[in-house]
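Undergrad: structure for the following, please:
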Amino acid sequence: MKALQISQKLKENNPKMFANMQVGQIYRFNPPKKIVIGDYVVHGFDKNKDLQNEVGFKDLIIPEYDQSTEKLGEIIENGENYTYEVMPLTDEELDDRIPNQMPKLDFKIAILTEHGITNSQVDQVINAVPDEAIKERIKLMWYESNVIERKNPYLLQFLTNFNITEEDIKNIYKSYEQ
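TA: From the prediction side, this is the model:
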């Protein structure tokens, strides 16, 4: 895999090839079969390593990184090669990687295992909800659904009765393996 920093001269000589690329930026770009250099069209450019080096093509090295907490950023020059910056994932990106739902049985087993909450305790709390409409929604979610959605507002409201926080719920979903 190769990359190239676009020069003004390259862009002027090859306007179609580099039309959507900015001068000075580094792009992942495999050498084309032909290219205009100066006044000449060079055929077989993709096979001519020396000419590629003269134009500015360099190997693009993909660094090792932890995909669970990091991502690849901009392409940067690294001596003889180009490589990607390694950047930490933002809190939002990390949150987006957590499943948004899980099978109800798995969720119930997780809260039993991690927090000691039994079905009979859940029944008592549900029956104590004063608002009938909310009580019915919680009953439907708890007894009738196939999955439990992580960001369901009733889930958090309901589980606070057991001192389970939003962070606790997030951790249950993080540890869930599909």
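Undergrad: and this structure, what are its domains?
TA: For the chain, the structural domains run 2-89, 98-175, going by automatic domain parsing.
Undergrad: so for the protein, the centremost residue is which one?
TA: Ranked by distance to the mean C-alpha position of the chain (CA atoms, centre = their mean), the top residue is Glu93 at 5.7 Å.
Undergrad: what's the closest non-adjacent residue to that one?
TA: Once flanking residues are discounted, Glu93 sits nearest to Lys71: 7.2 Å by CB to CB, 6 or more residues apart in numbering. C-beta: built from backbone N, CA, C; applies to glycine.
Undergrad: name the SS class of that neighbour, please.
TA: Assigned with DSSP: H, G, I helix; E, B strand; the rest coil, Lys71 falls in the strand class.
Undergrad: what is it paired to in the beta sheet?
TA: For Lys71, the beta-bridge partners are Met87 (DSSP bridges).
Undergrad: do Asn78 as well
TA: Asn81.
Undergrad: looking at the domains of the chain, which has the lowest confidence?
TA: Note on those: lowest mean pLDDT is at domain 98-175, with a mean of 89.
Undergrad: where's the residue of the chain most remote from its centre relative to Met1, distance?
TA: The C-alpha centroid of the chain is most remote from Asp39, which lies 44.7 Å away (CA atoms, centre = their mean). Asp39 sits 30 Å away from Met1, taking CB to CB, to the nearest Å as the criterion.
Undergrad: could you pull out the strands for the chain?
TA: Ranges of strands in the chain, per DSSP state E, are 2-5, 26-28, 34-37, 40-43, 58-61, 70-78, 81-88, 101-103, 147-149.
Undergrad: let's have these in TSV, adding mean neighbour count and distance to Leu112.
TA: As requested, those are exported to TSV (neighbours: other CB atoms under 10 Å; distance: least, CB to CB, whole Å):
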stretch	mean neighbour count	distance to Leu112
strand 2-5	20	52
strand 26-28	16	49
strand 34-37	16	65
strand 40-43	12	69
strand 58-61	16	48
strand 70-78	14	34
strand 81-88	16	34
strand 101-103	16	14
strand 147-149	18	13
